[in-house]
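J.: Following is a predicted model, sequence given first.
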Amino acid sequence: MSTTTEISIWTRRPPFSVVLGLALAIFIIATSLLSHYLAPFDPTRMAAGPRLAAPSAAHLFGTDEFGRDLLSRLLVGGRLSLGIGTTAVVSGLVIGGLMGLIAAFAGRFVEAVLLRLIDVLYSFPDTLIALALVAFLGPGIENATLAIAISLVPFYARVTYGLAAAERAKPYIEAARLAGIRSGRLVRVHVMPNIGQSLIVMGTLGFSSAILSAAGLSFLGLGVQPPSPEWGAILASGRNYINKAPWILIFPGVAICLTVLSFNLIGDSLRDLVDPRRKGRS
Amino acid sequence: MAGRVVMPFLILKRVLVACSTVIAVIVLSGMLIHVVPGDPVTAMMAQSVSATPEAMAEMRARLGLDLPVWQQVMLYLTKVLQGDLGTTIRGNESVLMLLLQRLPNTFALAVSGLALALAIGIPLGFMAAVNRGRIADTAVMFIAVLGVSIPAFWLGLIMIQLFALKLNWLPVAGSSWRNILLPALTLGLTYCALVARMTRSALVDVLEEDYIRTARAKGLREHEVLFVHALRPALISIVTVVGLVFAYLLGGQVIIENVFSWNGIGRLAVQAMLERDYPMIQGFIVVFATSVVIVSMLIDILYSFLDPRMRQK
Amino acid sequence: MTKHHLRKVVSALLAAAAFGTGLSLSVAAATDLTVARAVDADSLDPDKTSTTQSLQMTNLIFDTMLTMDKDGSLHPGLASEWSMSEDGKTYSFTIGDGLKCHDGSTFDAAAAKARVDRAIDPATINPDRSLWGPITGTSVEGKVLKVSLSEPYSPFFSFLTGIQAGFICPSSFATADFRPIGTGPFKFVSWTRNDTLQLQANADYKNFNPLVENPGKPHVDKLTFKVIPEAVARMASLRSGEADLVEPSLEETAELKSDGAFKVYAAELSGQQVLAAFSWKVKPFDNPEIRKAIGMAMNRDAYANIAFEGLVHTSNCPVAPNLFSTDEELCATWGAKYDPDGAKAILEKAGYTADEPLKIKLVAHKLSGWDQMHQIMQQDLAAINVQAEIETREVASHFDHMTSENKRTDGMPYVWTMGMSGVDPDYLNFLWKRPGFVNMGLNEQVDTMLDEQRRLSGDARAAKIHDIEKYLMENAYTVPLLSPGWNWLMASSAKVEGFKLGFMVSLLFNDVTLKQ
């Protein structure tokens, strides 16, 4: 294991990729949060400009098939995509974290059963779990978010279990146990503060995956429904203009790419610090 | 402590784990029908004229929906273990047959995609590890991260536009061997990043091992150290993650099959998802999971043969 | 009722003469044609499916009892002669001589009887059962098939020209596994669902269809249908020459039209009508005034020109233009006129304001052009204080969903859209007579009128159909939107010659040749 060397890079100075990732992420989050002030037009207003107008001074990113301003749609869509990502990551982290902690502290039998279950789910690509769930739940923004959250659960459960199990082996836990402190309190008071930071770091790793899943679901028509300007949905509805108005296809794709890239850049450098399996997962 | 005894035991253990995983997946997918909001039969019944109360009751019985939940799940498990994945809602065809017909197409694409991902990813990862900390490393790793950040369906559309239309090099859609190139390339480009990253960290690990230092200290040439002493053990540890990459590739392939109209189980699944053909979706989950489990089991076993340390454990 | 007796015989001599001249010269050596479509057939059994995509395929394998020319006149099909008894309850069809099924078996009156019996057998669960009419029995007298009805059913002849009424050979359903064996221009070779359907020209084919010139075997030898759902990939396959003929994306059709390397075909005889309908059992849509206001808000010109890229026309009747009795101008006087301000006033009077809008669902299926139309519709409704949430499904599951939705009498009100096609306005009966297609049937009064039009013919029937249309529109049970609306466009490379689109967007490949 080479974790020590990775950490040493960190203590010297943050790598360029992290700086770039952070800068990008801050830019994207800020523009999305401020989208209602920044957007030059109402993102759902049709005929804000001519149909399928190429990027110009009036419409920096051009207009779509209804004459809606693409820049405004991307800005507001960013808030939607980030919202889905955040909700999914937080819920996934809470459920997965609880599962992982229970597996680590609720006795051998529970541990064996839960671990098996987590490993089964973990062997599935998360996009696929989300896809299968949406197929049963039905399309729409709430169901898509729920499905993506659940798709992240195995990953977070696995990570939390790994961290908690490592913590469990430490002498102070043994001592606390002998002192008669119950598992619940043990986890709350001792384990959580120690692994919380690592868990938050892992949260960023799930984020990029959530954004990609959301875009994929929308692209297949199973996610966010029109006229919501979710990036994947813009891409999906504009893809037939690939010859006539390629900007409808290019800009949302770039937006997804940059967002995912920024979180991957941050997460990648942090991953090796905390991932017990140290296996690539984006 | 003879390795001869341990080896078969290890394989048996792997097989048992794989079996239990498959059973767990079957149970989970059997339970999925209960997350359908409302009445699944109403939601999936075919066109109105045939949706008589009798037909709906028959469908309910066919799916076992009139039984208590645990019995339904047991029934589903028993059926699936006997090779009966049920029939599709539309067309009333055998789910297993439909899936098995398309499985070879899916594997052909996945293997081609994996081959390309390895062919591109391993040299990139190698390059990065050797130049660790230098610009080449940063550049390669940046490209790798960029690779996993591009939505595959978007890349696919752009590849179609570029290679099929503008350059007219490769055909777009269908399931002949020539048609495999574009989707395989899209998959390869998307997942080579994962391979590059793993190759890099495996090689970095190996390069820190004492015997490499010894080799260097003994004055072996650098390329000899790298290709003879470092690459082999690094490749062995890459084998372990190939299973994971394969699973991810299969997952990403679901969307790619739809973009390129590749007639695999992914396209069948999305079609079924859009039509809410629940037995088909469940069947897909089971077959997909079984494929993933078998592949990772085989890779685990292969790995234990390759790695001398594992053999002695 | 006037005596209705038509006789038409195709002159074999004439046909042979036509074959001997010019036409055969353009026939190249073995030619293969590849066609790319967005959606595959869901079945090749015409008694198991009612989607246009399926019937387009079955119509290549199976012939119809009768055929129809552009002007709506009847022509022979498998039946060389046909007649209806004076009371309109008995039909006779003389089956032509020497008709061969693809497997070599003879197609005769007994085969035709077996086919009709299967179509009306409740065990078949035929989605188009009601279109076959009130058949009570069939019998064979020599070469003649006799069909008895419980009451007159005047659309019967037109129905028998349509693609829903393909005559399958009895060997198709002799075993439990359906095999597509017919008498049509193409023989079935193989089918990989959602991938490829292969057909082969029927060397023994004799054409009846007046829309087709080629009297015999199609010039194309092998016909391959590929399914390419992704429009970008489908268009690329046309442009790169992988496919000769494709369903174009609406977005690129205008470009193809102006490009000399391609040809675009639009069906004139689609018989398709796109409609909006209401949850009229659910408040406040039980109030015809509110329904009318919704109709007044709909900017149908924008749907046609923007959502459908100007490739379709607005249409005013509940039945498609060009069908028997349809009078667009007359319908325009019954329907709601585009008047968003007036509509908003009605909604406001009913208590729906910008702050407290009427919340509804807009339930629709996914399809190119339709998706865009619903987005514009949503904006139209927002302008009159109606907040609509779009809910889309795939075509088949949309209709499943509507089947249960249309039973609902409380909960959230909804507007929904659909398309219907046929060769006769009798599809009003299929849609609106209780229980109706996806339970959209209305009431006793409509049922009675719908039954009456089936018993009438000529002007009397036209007048009755107008009464029904007037009732549907004045009470705002439906808002007619556009025609056509789906699958009506095809595009090919310029080397494809002689491709035609027939009734209900049937694909006619009989005359197709490839320029080298």
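T.: Sure thing, it's come through.

J.: Low-confidence bits of chain B, can you list those?
T.: Residue ranges of chain B with pLDDT under 70: B:1-6, B:37-56, B:59, B:62-64, B:90-91, B:168-178, B:307-313.

J.: now the helices for it?
T.: In chain B, the segments counted as helices under DSSP state H are B:3-31, B:40-44, B:53-62, B:69-81, B:95-130, B:135-149, B:152-159, B:181-207, B:210-217, B:222-224, B:231-259, B:265-275, B:278-306, B:308-312.

J.: could you redo these as JSON lines and give each row distance to chain C and mean neighbour count?
T.: Where you see a C-beta, it was placed from the backbone N, CA and C, and this is true even at glycine. Putting the helices of chain B into JSON lines (distance: least, Cβ to the nearest Cβ, whole Å; neighbours: other Cβ atoms under 10 Å in any protein chain shown) gives the following:
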{"stretch": "helix B:3-31", "distance to chain C": "20", "mean neighbour count": "15"}
{"stretch": "helix B:40-44", "distance to chain C": "5", "mean neighbour count": "20"}
{"stretch": "helix B:53-62", "distance to chain C": "7", "mean neighbour count": "13"}
{"stretch": "helix B:69-81", "distance to chain C": "21", "mean neighbour count": "15"}
{"stretch": "helix B:95-130", "distance to chain C": "7", "mean neighbour count": "20"}
{"stretch": "helix B:135-149", "distance to chain C": "22", "mean neighbour count": "19"}
{"stretch": "helix B:152-159", "distance to chain C": "5", "mean neighbour count": "24"}
{"stretch": "helix B:181-207", "distance to chain C": "9", "mean neighbour count": "25"}
{"stretch": "helix B:210-217", "distance to chain C": "48", "mean neighbour count": "13"}
{"stretch": "helix B:222-224", "distance to chain C": "44", "mean neighbour count": "10"}
{"stretch": "helix B:231-259", "distance to chain C": "5", "mean neighbour count": "22"}
{"stretch": "helix B:265-275", "distance to chain C": "4", "mean neighbour count": "25"}
{"stretch": "helix B:278-306", "distance to chain C": "11", "mean neighbour count": "21"}
{"stretch": "helix B:308-312", "distance to chain C": "43", "mean neighbour count": "12"}
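
J.: C:Ala277: which of those is closest?
T.: Comparing those against C:Ala277 with Cβ to Cβ, the closest turns out to be helix B:40-44 (19.7 Å).

J.: Quickly check: stretch C:181-192 near chain B or not.
T.: Yes - Stretch C:181-192 reaches chain B (Cβ under 8 Å from any Cβ of the partner chain) through C:Thr192.

J.: nearest spatial neighbour of C:Ala302, skipping sequence neighbours?
T.: C:Ile376 (5.2 Å; Cβ to Cβ, 6 or more residues apart in numbering or on different chains).

J.: and the stretch 201-350 of chain C, which residues reach chain A?
T.: Near chain A, when you scan the stretch 201-350 of chain C using Cβ under 8 Å from any Cβ, you find C:231-232, C:235, C:249-252, C:255, C:306.

J.: Three-state assignment for A:Ala214, please.
T.: At A:Ala214 the chain is in helix, as set by DSSP: H, G, I helix; E, B strand; the rest coil.

J.: before we move on, what about the one 4 residues further on?
T.: Judged by three-state DSSP, the three-state class of A:Ser218 is helix.

J.: I'd like the mean pLDDT over the one helix or strand the residue nearest to C:Ala302 maps to, please.
T.: Applying DSSP states H and E as the criterion places C:Ile376 in helix C:370-382. Taken as a whole, helix C:370-382 has a mean pLDDT of 94.

J.: Where does the stretch 51-200 of chain C get nearest to chain A, which residue?
T.: Residue nearest to chain A within the stretch 51-200 of chain C: C:Asn194 (15.1 Å; Cβ to the nearest Cβ).

J.: Please tell me I have it right and that residue contacts B:Asn263.
T.: Yes - if you go by Cβ atoms under 8 Å, C:Asn194 and B:Asn263 touch, sitting 6.5 Å apart.

J.: ok, the two, which is more surrounded?
T.: B:Asn263 (25 against 19; other Cβ atoms under 10 Å in any protein chain shown).

J.: Quick check: phi and psi on that one?
T.: Per-residue torsions, B:Asn263: phi -80, psi 60 (degrees, to the nearest 10).

J.: likewise C:Ser154?
T.: Torsion angles, degrees, to the nearest 10, at C:Ser154: phi -60, psi -30.

J.: do C:Lys226 as well
T.: According to degrees, to the nearest 10, C:Lys226 has phi -110, psi 150.

J.: need the contact list for C:Gln372.
T.: Contacts for C:Gln372 (Cβ atoms under 8 Å, 6 or more residues apart in numbering or on different chains) come out as A:65-66, A:237, C:306-308.

J.: how about the residue most central in space within chain A, what does it touch?
T.: Compute the mean C-alpha point of chain A, and by Cα atoms, centre = their mean the closest residue is A:Phe207, 1.5 Å away. Counting by Cβ under 8 Å, 6+ apart, A:Phe207 touches A:85-86, A:89, A:263, A:267.

J.: How far does stretch C:352-368 stretch from one end to the other?
T.: Stretch C:352-368 has an end-to-end distance of 32 Å (Cα to Cα, to the nearest Å).

J.: quick one: low-confidence parts of chain A?
T.: A:1-14, A:269, A:271-282.

J.: nearest spatial neighbour of the residue of it found nearest chain B, skipping sequence neighbours?
T.: Chain B sits closest to A:Pro125 of chain A, with a gap of 2.6 Å, by Cβ to the nearest Cβ. Using Cβ to Cβ, 6+ apart and skipping the chain neighbours, the partner closest in space to A:Pro125 is B:Gly251 (2.6 Å).

J.: and whichever strand or helix holds A:Thr160, what other elements does it pack with?
T.: Using DSSP H and E, A:Thr160 sits in helix A:141-168. Secondary-structure packing of helix A:141-168 (3 or more Cβ pairs under 8 Å, 6 or more residues apart in numbering or on different chains; DSSP states H and E): helix A:70-105, helix A:108-122, helix A:126-137, helix A:192-219.

J.: Check the ones you listed for me and report the most buried one.
T.: helix A:126-137 (a mean of 25; mean count of other Cβ atoms under 10 Å in any protein chain shown).

J.: quick one: that one near chain C?
T.: No - against chain C, helix A:126-137 shows no contacts by Cβ under 8 Å from any Cβ, the least distance being 11.2 Å.

J.: neighbouring contacts of that helix?
T.: For helix A:126-137, contacts defined as Cβ under 8 Å, 6+ apart pick out A:121, A:143-144, A:146-148, A:150-152, A:154-155, A:209, A:212-213, A:216-217, A:220, A:222-223, B:29, B:32-33, B:35-37, B:251-252, B:254-255, B:269-270, B:272-273, B:276, B:278, B:281, B:284-285, B:288.

J.: again with stretch B:113-130
T.: Contacts with stretch B:113-130, where a contact means Cβ under 8 Å, 6+ apart, come from B:136-137, B:140-141, B:143-144, B:183-204, B:207, B:226, B:231, B:235, B:238, B:242, B:245-246, B:249, B:253.

J.: ok, now how distant is the closest residue to the residue of the stretch 51-200 of chain C closest to chain A other than its chain neighbours from chain A?
T.: Distances taken as Cβ to Cβ, 6+ apart place C:Asp40 nearest to C:Asn194, at 4.9 Å, with adjacent residues excluded. Computed as Cβ to the nearest Cβ, to the nearest Å, the C:Asp40 to chain A distance reads 17 Å.

J.: Tell me the secondary structure of C:Asp40, please.
T.: coil.

J.: now C:Ser50
T.: coil.

J.: number of nearby residues for it?
T.: Neighbours of C:Ser50 (other Cβ under 10 Å): 22.

J.: backbone phi and psi for it, please?
T.: When quoted as degrees, to the nearest 10, the phi and psi of C:Ser50 stand at phi -130, psi 10.
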